[in-house]
Each structure stands twice: as structure tokens, then as C-alpha cells.
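Novice: dropping a prediction and its sequence here:
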Amino acid sequence: MEHTIKLKVNGISYDVRVQSKRSLLSVLRDDLGYIGVKEGCGAGECGACTIIMDGKAINSCMVLAVEADGSEILTIEGLSDGDNLHPIQKQFIEKGAIQCGFCTPGMILTTYEFLKRNPDPTEDEIKVAISGNLCRCTGYVQIIEAITAAAKEMKSNKEQ
Amino acid sequence: MKKFKYIRPNNLKDACSILKRENDIKILAGGTDLLVQIKDRMKTPENLLDITYLSELRVIRNNSNYLEIGALSTHQDIIDSDLVSNNAGILQQACIQIGSPQIRNRGTIGGNIINASPAADTLPPLFTLESELILISESGERTVKIKDFFQGPGRSIIEPNEILKSIRFKKHSNWLGHFKKLASRKALAISKLSVAGLFLVNNGTIDQARIAFGAVGPTILIGKDTVALILNKKISSISEKEISDAVIKDISPISDLRSTQEYRKAITTILVQRILQNLMKA
């Protein structure tokens, strides 16, 4: 069974024809070309497919595309301001928090939602926040450093 | 994934009539379990009724003596609710340990209940709160006590034409609640076992107690012997051996892919001891 759904991805509106069984992840990647969204486990355990849907970080492998009808989506492709990287992206590069890069889009988007809710987090709070995102290069130390530095930078940007 | 028809109702009334009309239909309420089961072909429904967006079921309400939680409240909604933290903190302790932030943003308490896993983390706290479940169908509503609801792993008395509308329990603002679970890691791991305990303590004596165990039986088990042991006693006067004997009478764990019977018995006892130690500190 096919449905026509409306999605707004990184500010761009789309009408897409999708089968009811297709995941939001596959439609974002294969139909719309947002390949920053990664498929890891396909069962909600690795967080590589994390996107922001209507303001919340979710696993896009566990949402049907039809369920997302009418929603606003942010993927890693929409995070920077033109050529200016978002502070979280900048700090991930700065602190060496990217190795193979597969977990990075999900890790950064999870962080983006988390820092909105908690702009001044402790290290323990950061660990809980990224507990749904696996990094198999095990660069967690650098990732936590990057998030701490991004939080600081975002706070001082705000205060200026 | 097998093909299915996706149906999104406009409101609860619509949902009830669709449920009555269609055969072979599953309700999608968050989907963090169901979509994985459909993907793995463990479940292959012809029709999928998506109620995730029915906002009328996503309300947490103060009802004089009761708190009523709409079945489509997400785990994160419950964590963020002051009403829940003031009146049923033990439920928050469980929700905060479920899955991951992404799962907590999407998964619902109603989904967790209806999935009827003996390892579901919201269930032991809901048992200690003596919750009631409000079920709705086209022909009306009925209220069922949570202790009478489950029949076995994945099985409950809900009828195919019914939807879980809300969960209701008395406010427990003066009670001390503790939920503890053990899993392979802190996040994204199904509980090997869990314990919820809710108490009224007066000068170190336990005046009232309710204990429930998860993942150590075919459904959630109530700690009758353990409660009988500790009631009206000074916490400091109860020995570890007594606790162990009572807990082992209360539970009936099996060995499976997540843990063994022996380990579950040993660790359940230890978690109960730790909860009682925490009570002494309070």
C-alpha cells in the first residue's frame, strides 16, 4: 500500500510516495539522498540513524516513513549555517572525536538535542545522553571532551 | 518486512471503530518493540493501526487522589513530569533506565505494558503502586487491576478490540520508592532481573511495604513472603539470610539467554538487601 507523505527536511519541503512498510531511514537515504543518516543495527541499539524529528532525537530505523507524515526533520546535512560549521561539529573535529565517522552524525544530533535541554552538563550527564549511540572506534573520551567544549562555546556565543 | 496496511485514525473513537471492523490488526504505540518484531517477522499483521499521535492519550492528569497517565505518554514525558516525580518517583526511576534517550523519546508506557514482557521496566513500579488499567473499546470502558492483567510472557487479558487508554494509581507522595535492575550494561539492555519496592517507614520501622519482581517469573511477581518478613520490623533487625529465604520463595526464575536461574536468585536477593539498606539511610 502506497501513501503520499509530506516531509520538511532541513527546511526543504518534500512530497514523497512511499510504501507503508518503509522506514524513515531508508526514505531519507535512498529517496531523498540524505546519506548522513546511517544504518547500523537496524533495531534501535546503535544510534547511527539518529535524526531530530519535531525537536526530539529518535532512531529513524524504528519509525515508518508514513508515521513521519507532516513532521519536521533535521539531519546532519542541515546543522551547519552554510559553510560555518555548528560548534558541535567544529569541536568534534577539534578534539579528534571522529575516527571512522560512521557514528558521528548520530552522535552530533543526539548532542544537539541534549545541549538544548541541558546547556551546562556534567560529564556523567553527557555519558547518559550519548548512551544510545555506539562508537566502535571507542573514541568516547574525545567525544565527551568535544561535547564539553561545544557546550562551553555555545554558552559563550549566547552570552556575547 | 512483510507488507501491511497502515491506518492512522483521527481520534480515539475512530481508532475503536477501526479496531472492531478490521481483523488481524496490531496497534502501533511508539513502535520501539513492535517495528523490530515486524521487521524480524516475529509478528506479521495485515493491518497496523498507528495511535502514536492521539494526543488525547498523551496527558498526565491529577485526579483528586489519583494520578492518571495517558497510555501514549512517552518514557521521557514521564521523566519530565513534576506530577509523577511528586507522587510516584519510583516510576520515574524505572523510565530513566529504559533503553536510550532516543528510545525514551519514542517508546510509550502503554506500549511497554501491552508488550507484556516479564522484563518490562515500568511494570514492577506499576505493581507496587497498585495501578489500574483503563481499557476502552467501541462498547465502553472497563478498569482492570494490573495484578490481574497479565497471563504470561507477551500475554494479557486485553481483548483484540480494546485499547489501553490510561494507567491510574493513588498518589504515593510520602512513600519511599526504589527501583533497581541488573542488565549487561546500563543502557540499551533488557533487564536480567529487576526489583521495585515501595515503603512507608516510621522511625526505622516498616509500616507498609509493597515489593514486585521483574524477569524472575512468567509475569511480574509480587513479593508476598518478603513483605510478610519485613512488615512492622526494624530494618536493622532483619538478617540477610532471612531476606534471602523469603525472596527465593517469592520468585521462580528460569535460565535463558540473558541469565541463569542461580544468578537471578542470588542477585535478586542482593538488590532487595540494597533497597532495605537505602531505606535505613533515608
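Specialist: Yes, it's here. Numbering: from 1, shown residues only, chains lettered A, B, ... in the order given.
Novice: when you work out contacts or count neighbours from here on, use the C-alpha atoms and nothing else.
Specialist: Fine.
Novice: who's in contact with stretch A:136-154?
Specialist: Residues outside stretch A:136-154 that contact it (CA atoms under 8 Å, 6 or more residues apart in numbering or on different chains): A:87-88, A:90-92, A:94-100, A:111, A:115, A:119-121, A:123, A:126-127.
Novice: mean confidence for that stretch?
Specialist: Average pLDDT, stretch A:136-154: 96.
Novice: before we move on, what about stretch A:39-56?
Specialist: Average pLDDT, stretch A:39-56: 96.
Novice: so after the helix or strand bottoming out on mean pLDDT in chain B, what's the next helix or strand?
Specialist: Here the helix or strand of chain B ranked lowest by mean pLDDT, DSSP states H and E is helix B:34-39, holding a mean of 90. Once helix B:34-39 ends, the next helix or strand along the chain (criterion: DSSP states H and E) is strand B:47-50.
Novice: how about the nearest residue to A:Glu39, chain neighbours excluded?
Specialist: Of all residues not flanking A:Glu39 in the chain, A:Cys49 sits nearest, at 5.5 Å (CA to CA, 6 or more residues apart in numbering or on different chains).
Novice: A:Ala43 is in contact with that neighbour, correct?
Specialist: No. Applying CA atoms under 8 Å as the test, A:Cys49 and A:Ala43 come out as separate, 10.0 Å apart.
Novice: who has more neighbours out of these two?
Specialist: A:Cys49 (31 against 19; other CA atoms under 10 Å in any protein chain shown).
Novice: so what's the backbone phi/psi at that one?
Specialist: Here is the backbone geometry of A:Cys49 (degrees, to the nearest 10): phi -90, psi 10.
Novice: how far away is it from A:Ile76?
Specialist: 11 Å (CA to CA, to the nearest Å).
Novice: common neighbours of those two, please.
Specialist: What both A:Cys49 and A:Ile76 touch, as defined by CA under 8 Å, 6+ apart, is the set A:Val37, A:Gly106.
Novice: what is the neighbour count of the closest residue in space to A:Leu85 that isn't next to it in sequence?
Specialist: Nearest residue to A:Leu85, sequence neighbours excluded (CA to CA, 6+ apart): A:Leu79, at 7.6 Å. If you count neighbours by other CA under 10 Å, A:Leu79 ends up with 19.
Novice: correct me if wrong: A:Leu79 contacts A:His86.
Specialist: Yes. With contact defined as CA under 8 Å, A:Leu79 reaches A:His86; the gap is 6.3 Å.
Novice: follow-up on the earlier one: give me the contact list for the least confident helix or strand of chain B.
Specialist: Under the contact criterion CA under 8 Å, 6+ apart, helix B:34-39 has outside partners A:Ala43, A:Met62, A:Val63, B:Met1, B:Lys2, B:Leu28, B:Lys43, B:Thr44, B:Pro45.
Novice: can you pick the most crowded of those?
Specialist: For the contacts of helix B:34-39, the largest number of neighbours (other CA under 10 Å) sits with A:Met62, at 25 neighbours.
Novice: got phi/psi on that one?
Specialist: Dihedral angles of A:Met62 (phi, psi; degrees, to the nearest 10) stand at phi -110, psi 20.
Novice: which residue lies nearest the spatial centre of chain B?
Specialist: Nearest to the mean C-alpha position of chain B, by CA atoms, centre = their mean, lies B:Leu123 at 1.8 Å.
Novice: that one contacts B:Ile220, doesn't it?
Specialist: Yes. If you go by CA under 8 Å, B:Leu123 and B:Ile220 touch, sitting 7.0 Å apart.
Novice: so which of the contacts of stretch A:136-154 sit within helices?
Specialist: A:Pro87, A:Ile88, A:Lys90, A:Gln91, A:Phe92, A:Glu94, A:Thr111, A:Leu115, A:Glu123, A:Ile126, A:Lys127 (DSSP state H).
Novice: report the secondary structure state of the residue nearest to B:Ala196 when sequence neighbours are not counted.
Specialist: In space, and not counting its chain neighbours, B:Ala196 is closest to B:Phe179: 4.4 Å by CA to CA, 6+ apart. Following DSSP: H, G, I helix; E, B strand; the rest coil, B:Phe179 is assigned to strand.
Novice: contacting residues for B:Phe179?
Specialist: For B:Phe179, the contacting residues are B:Ile90, B:Gln93, B:Ala94, B:Pro125, B:Ser194, B:Val195, B:Ala196, B:Gly197, by CA under 8 Å, 6+ apart.
Novice: in a strand, that's where the third one is, yeah?
Specialist: When you say that, I think you mean B:Ala94. No. Membership of B:Ala94 in a strand is not supported by three-state DSSP, which gives helix.
Novice: and it, how many neighbours?
Specialist: Residues near B:Ala94, counting by other CA under 10 Å: 24.
Novice: from B:Ile190, how far out is B:Lys234?
Specialist: In terms of CA to CA, B:Lys234 sits 34 Å off from B:Ile190.
Novice: buried only: go through the contacts of stretch A:136-154 for me.
Specialist: A:Pro87, A:Ile88, A:Gln91, A:Phe92, A:Lys95, A:Ala97, A:Ile98, A:Thr111, A:Leu115, A:Pro119, A:Pro121, A:Ile126 (16 or more other CA atoms under 10 Å in any protein chain shown).
Novice: which strand or helix spans the nearest residue to the third one once chain neighbours are set aside?
Specialist: Counting by CA to CA, 6+ apart, A:Gln91 lies nearest to A:Ala146, which is 5.0 Å off, once chain neighbours are set aside. Taking DSSP H and E as the definition, A:Ala146 sits inside helix A:140-159.
Novice: cool, A:Cys41 as well?
Specialist: Applying DSSP H and E, one finds A:Cys41 in no helix or strand.
Novice: quick one: it from B:Glu162, how far?
Specialist: Per CA to CA, A:Cys41 is found 33 Å from B:Glu162.
Novice: neighbour-wise, which of those two wins?
Specialist: B:Glu162 (21 against 12).
Novice: contact partners for the residue lying closest to the more buried one once chain neighbours are set aside?
Specialist: Distance criterion CA to CA, 6+ apart; nearest residue to B:Glu162, sequence neighbours excluded, is B:Ser137 at 4.6 Å. Counting by CA under 8 Å, 6+ apart, B:Ser137 touches B:Cys16, B:Ser17, B:Asn161, B:Glu162, B:Ile163.
Novice: next, the fourth one: phi, psi?
Specialist: For B:Glu162, the backbone dihedrals are phi -110, psi 150 (criterion: degrees, to the nearest 10).
Novice: now the strands for the stretch 151-282 of chain B?
Specialist: Assigned by DSSP state E, counting those that start in this stretch, the stretch 151-282 of chain B shows strands spanning B:155-156, B:163-170, B:176-182, B:193-202, B:205-214, B:221-222.
Novice: with that, I have no additional questions.
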